[in-house]
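Asker: my questions concern the predicted model and sequence given below.
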Amino acid sequence: MLAENVRASVFGKISDELYSAFVNIGGIHNKSAYIVTRRHVGDYFDGIVAAVVRFEGMEGEKPIISQYGEIFYEPELRRILGRLRNVKIESIRCLYEKSCGGIIFYKTRQNTKILLVKNNNGRYWSFPKGHIEEGETEQETAVREIKEETGLDVTITPGFREISEYCPFGKIRKRVVFFLARAFTDNVRIQEEEIDSFIWVDLQQARKMCTYDNDLRIIEKAETAIHLLRN
């Protein structure tokens, strides 16, 4: 159902961004759905299934439709769907996912190291990151996730913001915003529920251990930014 193109029949306005509708989808005619959009809505609405939601006490999953080209991440969808009365979201799967994280570096007089982590069940080394939550800025998410996953308090280096976009699970479209984050200790305490292992490496080793083109590009950008720092 996720990412399926549909035509919805609109029958009610709940708020400026939320409408009730029926769609024909998955062999089911007149399935109840919601439309979320920042644009004008008429009697019919052509769009894409941007999320699939299960509400507590209701049978089955309900499609959430948005117009083509509109991007809604989970925090915003939860805010909009929060206008529904007497219902509570049990689970939500979104077409678009957004995470924020950091290229964490620790600088001494001798060298500069960056932190690589491997998520549980992960096969590749990468950088700490996690989903943005409602009310957070991108930088706040990055700092919080770094603290939760590594135990490190960091400061964000101004002027560095790199985006990595990819499709990790078929239809899911993921955007990760990375900041350059300075740690003042290399004493890592991993969050065992999320992180399987970690390693501090120099930039040359990081290039050898990271395999994704996006990660290698970001390492190159980080190296340039780190070299421009005065101390």
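Answerer: Sure thing, it's come through.
Asker: pull the residues that contact the longest helix along the chain.
Answerer: Looking across the chain with DSSP state H, the single longest helix is helix 213-228. Helix 213-228 is touched from outside by 103, 105, 107, 112, 114, 126-127, 157, 159-160, 162, 164-166, 178, 180, 203, 206-207, 210, with contacts defined as Cβ atoms under 8 Å, 6 or more residues apart in numbering. C-betas here are computed from N, CA, C, even on glycine.
Asker: now do stretch 28-36
Answerer: Here stretch 28-36 has contacts from 6, 8-10, 14, 17-25, 41, 45, 47, 50, 53, 62-66, 72, 77, 80-81, using Cβ under 8 Å, 6+ apart.
Asker: of those residues, which belong to helices?
Answerer: Judged by DSSP H, the contacts of stretch 28-36 include Leu77, Ile80, Leu81 as members of helices.
Asker: measure the second one to Asn24 for me?
Answerer: This means Ile80. Note on Ile80: its distance to Asn24, by Cβ to Cβ, to the nearest Å, is 23 Å.
Asker: just want to know which of these two has more residues nearby.
Answerer: Ile80 (19 against 13; other Cβ atoms under 10 Å).
Asker: got a list of what that one touches?
Answerer: Ser15, Glu17, Leu18, Val36, Phe72.
Asker: per-residue pLDDT of the last one, please?
Answerer: The one in question is Phe72. pLDDT for Phe72: 96.
Asker: that one and Tyr124, how far apart?
Answerer: As judged by Cβ to Cβ, Phe72 and Tyr124 stand 28 Å apart.
Asker: so those two - more neighbours on which side?
Answerer: Higher neighbour count among Phe72 and Tyr124: Phe72, with 21 against 12, using other Cβ under 10 Å.
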